[in-house]
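Chemist: Okay, predicted coordinates and the sequence, questions at the end:
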Amino acid sequence: DANNYIGFGVPSSFYPISNSCGEATNTAAKGITKIKTRPDGKFYILNGNILARYLSSGLIDTTFGENGYFKDLLVSEFDLLPDHSIIICAFRKLPVTVETYLVRLDENGTVINNFEFKNLNNSSSEHTVKVVYSEPTNKIYAYYPTPYSTEFTTPVLCRYNLDGTIDQTFGNNSAYIPLPPVVDYNTNIQLQKTDISKNKIIIAEPGNTGITFKMYDLSGVADPNFGSNGISEVAFSPEFGGTLVKTILDSNDNIYLIAHQYEGFFTKLKVEKHRSDGTLATDYGVNGVFTYVYSNYRSSSRVDYADSRFQTDNKLLISGKRSTDNGVADNGYLIRISPEGSLDTTFGAQKNGIFCDLADNNPSDYLESITAFDITTDNKIILGGLNKVITAGNTAYYYGKIKKLD
């Protein structure tokens, strides 16, 4: 429930992350890209390329890394393992490209020097850009992209054992499954079109007139009950269209496509639901599509996507930023969508399905964008984003900030 803010950090419900961890000018702010909570209430924040750990109270956990921050390597992605160790995708910048590689940290935020992630089929793990730990399989899924990697004709998804060895049984004993080609060298956007749930792996590949879904079990074997041997080609519904930004599965393996739709001077957020067999769920929203528009009463408005999660009751949370043409600056939002495809009116201070601290009477210290969030074991929401501060010299600085919702 987003009706109340929880006192979080010091001195207020907003806890500013230290200047060395994300303060930047308005042209360089990266902001918070990932939040991951532990069962004991501690949580990790990736702000810029610095990984930090916080106590459940919102205070920095000084027992982690260097006074709460891991600064030995630049971090682009991470996930948590059952023993509270951490897998990170660290990276280094080269003259013409960027190489990333897998590293394992212990619970204290120290590199485990005698641990090694093996390479996939003689390729280089320096090209790995994303990792996902799967509790049902107790394995680690890793993404190898192209064009930086020349060993594969397309990006691939492989699976690691916890000892760092490649699981050669994955993908019908090929050790990997292929992913769609990267478009315009934007690996991050491409990876958003693949999701791993507790039961399945879904890959969505947009075409000119529709989407090709590929469904696998967690061992990388095509699902024979989905489409034709795991492949289903679905035409875009009339209400959908736009640019696909995220594919996500709920607990029943229903497929949700999140997209930006551009209509004149409006950017709308669209969510299209397909059942676990790939067919359109026409009883969701309007003919299978939920639409969120910031304002229909202006000559233009936009809603941008940043992050999404399902709660245990299959209510979908989506965050990002929104703005209009009438002088309303960027402001962060978090919406909750019911399983039926409408805004959940039990959520938000105004009971309209929307959390926005600018609209909810906090105009002096609000988040310009809610870039990441996670859900705690007691169903609270920890969110993070960018907060703009104007100095006496009229210079704008952006700070990464975190907040906890009831």
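Modeler: Great, that's in hand. Numbers count the residues shown, from 1 in each chain.
Chemist: switch to C-alpha atoms for all contacts and neighbour counts from now on
Modeler: Will do.
Chemist: what residue ranges in this protein score low on pLDDT?
Modeler: Counting by pLDDT under 70, the chain shows low-confidence ranges at 1-30, 98-99, 122-127, 146-151, 182-190, 241, 296-299, 326-328, 361-364.
Chemist: what's the burial count for S237?
Modeler: Neighbours of S237 under the rule other Cα atoms under 10 Å: 15.
Chemist: Now it: which helix or strand?
Modeler: Counting by DSSP states H and E, no helix or strand carries S237.
Chemist: Next one: it from T376, what distance?
Modeler: From S237 across to T376, the span is 35 Å (Cα to Cα, to the nearest Å).
Chemist: for D325, same thing?
Modeler: Going from D325 to T376 by Cα to Cα gives 36 Å.
Chemist: what does I211 give?
Modeler: 33 Å.
Chemist: Ok, A349 next?
Modeler: Between A349 and T376 the computed distance is 20 Å (Cα to Cα).
Chemist: same check, this time on P180
Modeler: Applying Cα to Cα, the value for P180 to T376 is 33 Å.
Chemist: neighbour count winner among D325 and T376?
Modeler: Comparing D325 with T376 by other Cα under 10 Å, the one with more neighbours is T376, at 20 against 13.
Chemist: That one and K42 touch, don't they?
Modeler: No. Here T376 does not reach K42: they are 9.4 Å apart, not a contact under Cα atoms under 8 Å.
Chemist: Can you name the residues bridging to the residue most central in space within the chain?
Modeler: Among the residues of the chain, the one closest to the centroid is D307, at 4.6 Å (Cα atoms, centre = their mean). Beta-bridge pairing for D307 (DSSP bridges): S319.
Chemist: Where does S76 sit, in terms of helix or strand?
Modeler: Element membership for S76 (DSSP H and E) is strand 74-80.
Chemist: Okay, buried residues for the very next helix or strand once past that strand please.
Modeler: Note on strand 74-80: by DSSP H and E, the next helix or strand toward the C-terminus is strand 86-93. Using 16 or more other Cα atoms under 10 Å as the test for burial, strand 86-93 gives 86-91.
Chemist: relative to strand 74-80, how tilted is strand 86-93?
Modeler: Interaxial angle of strand 86-93 relative to strand 74-80 (axes from the mean of the first three to the mean of the last three Cα atoms, to 10 degrees): 160 degrees.
Chemist: Keeping just the C-alphas, turn strand 86-93 into PDB.
Modeler: Below are the C-alpha coordinates for strand 86-93, written out as PDB (Å, rounded to 0.1, in the frame of the first residue of the first chain):
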ATOM      1  CA  ILE A  86      26.900 -11.600  -4.700                       C
ATOM      2  CA  ILE A  87      27.500 -12.100  -8.400                       C
ATOM      3  CA  ILE A  88      28.500  -8.900 -10.200                       C
ATOM      4  CA  CYS A  89      29.000  -8.000 -13.800                       C
ATOM      5  CA  ALA A  90      32.000  -5.800 -13.500                       C
ATOM      6  CA  PHE A  91      33.400  -3.900 -16.500                       C
ATOM      7  CA  ARG A  92      36.400  -2.100 -17.800                       C
ATOM      8  CA  LYS A  93      36.600   0.400 -20.600                       C
END
